[in-house]
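Peer 1: pasting a predicted model and its sequence here:
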Amino acid sequence: MDRQKVRKAVLPVAGWGTRFLPATKAMPKEMFPIIDKPVIQFIVEELLEAGIENAIFVTGRHKRPIEHHFDINTDLERHLEEAGKNEVLKNIREISHMVNPIYVRQKRQLGLGHAVLTAEPAVGQEPFIVSLGDIILEKGSDNLSKMLDIYNRYGRSVIALFEVPEEEVNKYGIVDVEETEEGVLKVKELVEKPSPDEAPSNLAIVGRYIFTPGIFEKLRKTKPGKGGEIQLTDAMKLLLEEEEIYAYQIEGKVYDTGNPLDYLKTVFEFALKREDIGAELREFIANLLSTQNQLIDRP
Ligand code: UTP
């Protein structure tokens with residue numbers, strides 16, 4: 001059984017972001033700020049907490065800002081140094097040394113599965129993580145480390161799951177599972193975006209995966225599925241015919257930043273928790289809501 005150590009993560013960030021147009025016409029949604037930190041930095045920090053420093057970004061047109069973000073910016077550093085802004089300078093320097101990045105270009109946006117396959121030459125024949133570039137997991141819950149523990153025990157692919165309301169199963173890849181031991185689930189079936197009556201459960205795949213390299217061969221065999229895209233879930237179904245796939249139900253919240261409403265909810269939730277701006281924002285929202293309510297109540 002394959003027990004190679006997981007050392008690399010693939011971050012697919014090449015998507016069009018159509019739900020966010022026109023904002024995403026020239027700016028990657030993965031660089032949208034959650035107040036003052038771009039979404040992709042949260043994802044990289046989560047990887048670092050799990051001990052993963054090699055990040056393979058699958059990028060496309062207009063995704064250069066991601067490369068610049070994790071690179072050294074000597075002009076900015078000099079400016080901050082001269083201005084005596086040492087705290088910010090320290091932070092900016094840390095970001096440039098956060099990861100060992102590799103950038104792989106997905107020339108055509110043929111879907112998430114295709115994006116992962118594009119990373120194959122950089123991954124090689126070893127197990128790897130996939131972290132979606134627009135999903136943030138709540139800090140401190142150690143989900144990736146727990147998934148790595150499962151991988152280290154079983155030597156098989158592991159996917160992260162979370163419960164979604166029944167009426168929302170058609171937005172996700174849904175799985176049927178059985179418990180093999182406490183905290184470890186085994187996947188029995190996978191369905192991409194089922195209707196509520198087709199769905200085998202309300203456990204959805206959440207955008208964090210550990211794959212054995214066997215997934216690449218399956219991705220090569222995967223035909224375009226829903227939406228004409230090469231779906232990662234379809235390749236996982238093929239993999240499941242040959243290898244067991246394990247699953248872990250994550251702890252803590254999931255923040256989807258890939259559509260305007262959920263992005264805004266994320267920004268508000270994070271901002272309300274901030275010491276520097278939270279209290280004032282709370283007051284502002286309360287005032288805003290009471291003015292709105294007065295307008296609605298007016299005859
Ligand atoms: P999404 O499902 O959010 O797709 O991809 P999208 O194309 O970016 O956004 P919409 O649906 O058009 O609004 C999940 C992750 O996979 C990446 C995206 O960049 C995102 O981080 N992705 C998706 C790719 O890298 N390549 C693709 O072909 C599709």
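Peer 2: Noted; the coordinates are in hand. Residues are numbered from 1 along each chain as shown.
Peer 1: closest point of this structure to the ligand, which residue?
Peer 2: Going by C-beta to the nearest ligand atom, the ligand is nearest to residue 15 of the chain, at 2.0 Å. C-betas here are computed from N, CA, C, even on glycine.
Peer 1: so that residue versus residue 106, what's the distance?
Peer 2: Computed as C-beta to C-beta, to the nearest Å, the residue 15 to residue 106 distance reads 9 Å.
Peer 1: overlap in contacts, those two.
Peer 2: 60, 115 (C-beta atoms under 8 Å, 6 or more residues apart in numbering).
Peer 1: looking at these two, which is more packed in?
Peer 2: residue 15 (25 against 22; other C-beta atoms under 10 Å).
Peer 1: so the more buried one makes contact with residue 109?
Peer 2: Yes - contact criterion C-beta atoms under 8 Å: residue 15 and residue 109 qualify, at 6.1 Å.
Peer 1: that older thread, tell me the pLDDT at the residue of the chain closest to the ligand?
Peer 2: For residue 15, the pLDDT comes out at 94.
Peer 1: so how far is residue 193 from it?
Peer 2: To residue 193, residue 15 is 16 Å away according to C-beta to C-beta.
Peer 1: what does residue 245 give?
Peer 2: In terms of C-beta to C-beta, residue 245 sits 18 Å off from residue 193.
Peer 1: over to residue 155?
Peer 2: Applying C-beta to C-beta to residue 155 and residue 193 gives a distance of 30 Å.
Peer 1: return the distance of stretch 79-90 from the chain's centre.
Peer 2: Centre-to-centre, stretch 79-90 and its host chain are 31 Å apart (C-alpha atoms, centre = their mean, to the nearest Å).
Peer 1: same question for stretch 263-272.
Peer 2: 17 Å.
Peer 1: can you pull the residues that touch both of residue 15 and residue 109?
Peer 2: 60, 115.
Peer 1: quick one, what contacts the residue nearest the centre of the chain?
Peer 2: In the chain, the residue lying closest to the centroid (C-alpha atoms, centre = their mean) is residue 132, at 2.8 Å. Contacts for residue 132 (C-beta under 8 Å, 6+ apart) come out as 11, 12, 43, 112, 207, 208.
Peer 1: could you list the contact residues of the stretch 51-200 of the chain toward the ligand?
Peer 2: Within the stretch 51-200 of the chain, the residues that sit near the ligand (C-beta under 6 Å from any ligand atom) are 58, 106, 109, 110, 111, 112, 114, 115, 132, 133, 134.
Peer 1: quick check: the closest residue to residue 16 other than its chain neighbours vs residue 192, distance?
Peer 2: Among residues not flanking residue 16 along the chain, residue 109 sits closest, at 5.6 Å (C-beta to C-beta, 6 or more residues apart in numbering). Note on residue 109: its distance to residue 192, by C-beta to C-beta, is 17 Å.
Peer 1: and what of residue 56?
Peer 2: For residue 56 relative to residue 192 (C-beta to C-beta), the value is 24 Å.
Peer 1: and stretch 54-73, average pLDDT?
Peer 2: Mean predicted lDDT for stretch 54-73 stands at 94.
Peer 1: so what touches the longest helix seen in the chain?
Peer 2: Ranked by number of residues, the top helix in the chain under DSSP state H is helix 278-297. Surrounding helix 278-297, the residues in contact under the criterion C-beta under 8 Å, 6+ apart are 268, 271, 272.
Peer 1: return the set of buried residues in it.
Peer 2: residue 281 (16 or more other C-beta atoms under 10 Å).
Peer 1: what's the separation between residue 189 and residue 219?
Peer 2: For residue 189, the distance to residue 219 - C-beta to C-beta - is 19 Å.
Peer 1: those two: which has the busier surroundings?
Peer 2: residue 219 (26 against 12).
Peer 1: the stretch 151-299 of the chain: strands as residue ranges?
Peer 2: Under the criterion DSSP state E, counting those that start in this stretch, the stretch 151-299 of the chain carries strands at the ranges 157-163, 173-181, 184-192, 203-211, 245-249, 254-256.
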